[in-house]
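model this:
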Amino acid sequence: MERFVVTAPPARNRSKTALYVTPLDRVTEFGGELHEDGGKLFCTSCNVVLNHVRKSAISDHLKSKTHTKRKAEFEEQNVRKKQRPLAASLQCNSTAQTEKASVIQDFVKMCLEANIPLEKADHPAVRAFLSRHVKNGGSIPKSDQLRRAYLPDGYENENQLLNSQDC
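This is a model prediction of the structure:
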């Protein structure tokens, strides 16, 4: 009896998407038309995000009228402008940002060493002096943020310094 058991045919509702294809794989497959940044696939000349999972979506985009028009404009300009993902833009630390953090940490350290309460930084005369005479002085936050964000860092640094001197 077991020889005559009828089994159901395999299901054909499988998705037609590539499961293990990365944006970098599509870049190597399609050449210089595309680039990958932050796990996303971009069209270099159109500056739009493409679905890297479906090859047909990429092929359709590359054959579209808008792509050919933008590609011609792109080649005329001969300037490569690549769109950056938001995460990459937010992670970028400029010299101004590092200087700002340094000024704030130095200000908190100065206040602590001179026994000046951080609330004095909120006084309008102190604010005016800092913004007028100190580079990046206008970026020093109010006392509550100094206490929350920068005081623990200063405490940890001083604690480590004291511990290293004891040994």
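
Number of residues surrounding Cys43?
Neighbour count for Cys43, taken as other Cβ atoms under 10 Å: 21. Backbone N, C-alpha and C define where each C-beta goes, glycine included.

Hmm, His61 and it touching each other?
Yes: with contacts counted by Cβ atoms under 8 Å, Cys43 reaches His61, the gap being 6.4 Å.

shared neighbours, those two?
Shared contacts of Cys43 and His61 (Cβ atoms under 8 Å, 6 or more residues apart in numbering): 50, 67.

ok, which stretches of this structure are helices?
Secondary structure of the chain (DSSP state H): helices located at 23-30, 55-63, 65-77, 86-91, 95-113, 124-133, 143-145, 151-166.

Report the contact partners of Val103.
Neighbouring residues of Val103 by Cβ under 8 Å, 6+ apart: 134-137, 139-140.

What about the residues you listed, which are in strands?
Using DSSP state E, no member of the contacts of Val103 falls within strands.

could I get the residues you listed as JSON lines with distance to Val49 and neighbour count?
What follows is the contacts of Val103, written out as JSON lines (distance: Cβ to Cβ, whole Å; neighbours: other Cβ atoms under 10 Å):
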{"residue": "Val134", "distance to Val49": "43", "neighbour count": "14"}
{"residue": "Lys135", "distance to Val49": "39", "neighbour count": "10"}
{"residue": "Asn136", "distance to Val49": "36", "neighbour count": "17"}
{"residue": "Gly137", "distance to Val49": "41", "neighbour count": "17"}
{"residue": "Ser139", "distance to Val49": "34", "neighbour count": "16"}
{"residue": "Ile140", "distance to Val49": "39", "neighbour count": "22"}
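
Farthest-apart pair in those residues, please.
The largest separation in those, counting by Cβ to Cβ, is between Lys135 and Ile140 at 11.3 Å.

just checking, Gly138 touches Ala128?
No: using Cβ under 8 Å, Gly138 makes no contact with Ala128, being 9.6 Å away.

list the contacts for Gly32?
Counted by Cβ under 8 Å, 6+ apart, Gly32 has contacts Thr44.

any idea how far it lies from Ser59?
Relative to Ser59, Gly32 is positioned 16 Å away (criterion: Cβ to Cβ, to the nearest Å).
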